[in-house]
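Peer 1: What would the 3D arrangement of this be:
(one chain, ligands or ions: 1)
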Amino acid sequence: MNKSNRLPRRAAATVAAVAAIKVLRRFWYATVPTDMLADGPRPFTLLGEKIVLFLDGEGRPAALADRCCHRTAKLSKGWSNNGHLTCGYHGWTYDRAGKLVRIPQLSPDQPLPDARVRRALRICMGRAR
Ligand code: FES
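Peer 2: Numbers count the residues shown, from 1 in each chain. A predicted model of the protein is given here:
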């Protein structure tokens, strides 16, 4: 290889790390036991990504990016509400897929913006046996 085509060592390490994370994102990961979500949403960091875990209305675990799409508050600081996740800052509420389902400051006849929280990495939502 031509010496002028080489990346500086630090840049090469960054490129290698980014490539490794891309590969690692293809796998499934166990996070916390489902029982630990009974008290409300919990933060978790996986591969450098901050996520929030919570239980939906049927008791199934769900995972979203831990970042409200309103003002980026941590959703893990909020609470579960009838299987939805409510941001503790202004109360915007999301379903298990991250879709915005309620803005408490709007009247019920006002349309909601088509907003959603990004879904998290591939996380195994099953129960450990
Ligand atoms: S920051 Fe979440 S509702 Fe405003």
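Peer 1: And the strands in the chain?
Peer 2: Assigned by DSSP state E, the strands in the chain fall at 42-46, 49-55, 61-65, 79-81, 84-86, 93-94, 100-102.
Peer 1: which ones are touching A97?
Peer 2: A62, R116, R119 (CB atoms under 8 Å, 6 or more residues apart in numbering). Using the backbone N, CA and C atoms, a C-beta is placed for each residue, glycine as well.
Peer 1: scratch that, P104 is what I was asking about
Peer 2: H90, G91, W92, T93.
Peer 1: pLDDT score for it?
Peer 2: Note on P104: pLDDT of 96.
Peer 1: Number the residues from 747 up from this point.
Peer 2: Got it, the first residue is 747 from now on, which makes the last one we talked about P850.
Peer 1: distance of it from A808?
Peer 2: 21 Å (CB to CB, to the nearest Å).
Peer 1: Contacts for stretch 812-831, please.
Peer 2: By CB under 8 Å, 6+ apart, stretch 812-831 touches 786-789, 796-798, 800-804, 808, 810-811, 832-836, 838-842, 846-848, 861-864.
Peer 1: In this structure T780 contacts P807, no?
Peer 2: Yes: assessed by CB atoms under 8 Å, T780 is found in contact with P807 at 5.3 Å.
Peer 1: With neighbour numbers in mind, choose between these two.
Peer 2: P807 (20 against 16; other CB atoms under 10 Å).
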